[in-house]
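Peer 1: need the 3D shape of this:
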Amino acid sequence: MVRPSLRVAKTRKRRTPSETKLRRIEKRTKKPHCSNCRAILHGVAFGSRNRVKKMSKSERLPTRQHAGHLCSNCLKSAIKAEVRS
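Peer 2: Here you go, the predicted structure:
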């Protein structure tokens, strides 16, 4: 049995007027989660790697501290803890 990590590239046959071709289907990615509380991050792009890579940097992530890693509630508590220490 093939390792699950290697079972990514699925193919489908598509019939064209000239010949039958194989088309790769990319696996859908999961939505990004907060590294602290596992809540879904809002404002962070997700989808296939190629689609996200073609977006501008401002479309991919919000422009604030720890964007793409922490949700707003966890960020708020992290900043409070940093200031208090």
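Peer 1: state the number of residues packed around Phe46.
Peer 2: 14 (other Cβ atoms under 10 Å). C-betas here are computed from N, CA, C, even on glycine.
Peer 1: OK, contacts around it?
Peer 2: Taking Cβ atoms under 8 Å, 6 or more residues apart in numbering, we find Phe46 in contact with 29-32, 52.
Peer 1: using PDB, list the CA coordinates for stretch 45-56.
Peer 2: Provided in PDB are the C-alpha atoms of stretch 45-56 (Å, rounded to 0.1, in the frame of the first residue of the first chain):
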ATOM      1  CA  ALA A  45      -6.700  32.700   1.700                       C
ATOM      2  CA  PHE A  46      -6.900  28.900   1.100                       C
ATOM      3  CA  GLY A  47      -7.300  26.600  -1.900                       C
ATOM      4  CA  SER A  48      -4.800  25.100  -4.200                       C
ATOM      5  CA  ARG A  49      -1.200  26.100  -3.900                       C
ATOM      6  CA  ASN A  50      -1.100  27.600  -7.400                       C
ATOM      7  CA  ARG A  51      -4.300  29.700  -6.800                       C
ATOM      8  CA  VAL A  52      -2.900  31.100  -3.500                       C
ATOM      9  CA  LYS A  53       0.600  31.700  -5.000                       C
ATOM     10  CA  LYS A  54      -0.900  33.800  -7.800                       C
ATOM     11  CA  MET A  55      -2.700  36.200  -5.400                       C
ATOM     12  CA  SER A  56      -1.000  39.300  -4.200                       C
END
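Peer 1: centre of the chain to that stretch, how far?
Peer 2: 8 Å (Cα atoms, centre = their mean, to the nearest Å).
Peer 1: can you pull the buried residues of that stretch?
Peer 2: By neighbour count with 16 or more other Cβ atoms under 10 Å, stretch 45-56 contains no buried residues.
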